[in-house]
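**Q** Need a 3D model of the following:
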Amino acid sequence: MNLDFIVGASNISLFLSAEFDLSSATELEIKFVSPGGLVKFTRTQSAGEVSAPAVDSPVIPGVPTSPFSANMYALYVILADDFTEGGDGEWNVCLTYTDTVTTPPTVLIGTGTLSIGPDC
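**A** Got it, this is the predicted structure:
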């Protein structure tokens, strides 16, 4: 996954295709790591920041695999200060799915990059 945003962008939906059903998650977590690894922050489902919507995503311009099917993607709305400390460059993004109802618990992790450009 390669995505492009600018430093200071806000209220932009970030859709992360998981390619498997997230509806059984007891926790979804998205971890962002800046270029060089000095800045890290995490957004979670339990804090109300990340969701796995039960509806199909909209068609996303430039993403031929969209729309994503219901429960098959994570959604996070970017906040204005999310990328201001770490600056521009290639951020690592990690989506972690946890289901503690299963025995043993299921934990699945997917990774990608997010391109953050300088503010215009």
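**Q** how would you label the most far-flung residue of the chain relative to its centre: helix, strand or coil?
**A** Within the chain, residue 103 marks the point farthest from the mean C-alpha position, 26.2 Å out by CA atoms, centre = their mean. Counting by DSSP: H, G, I helix; E, B strand; the rest coil, the backbone at residue 103 sits in coil.
**Q** Phi, psi for it please.
**A** In terms of degrees, to the nearest 10, the main-chain angles of residue 103 are phi -120, psi 120.
**Q** For residue 14, which three-state class applies?
**A** strand.
**Q** In contact with it, which residues?
**A** 3, 30, 75-78, 114 (CB atoms under 8 Å, 6 or more residues apart in numbering). Placement of C-beta: from N, CA and C, glycine included.
**Q** Now pLDDT too, for those residues, in CSV please.
**A** Listed next are the contacts of residue 14 as CSV, based on pLDDT from 0 to 100:
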residue, pLDDT
3, 50
30, 96
75, 95
76, 95
77, 94
78, 92
114, 87
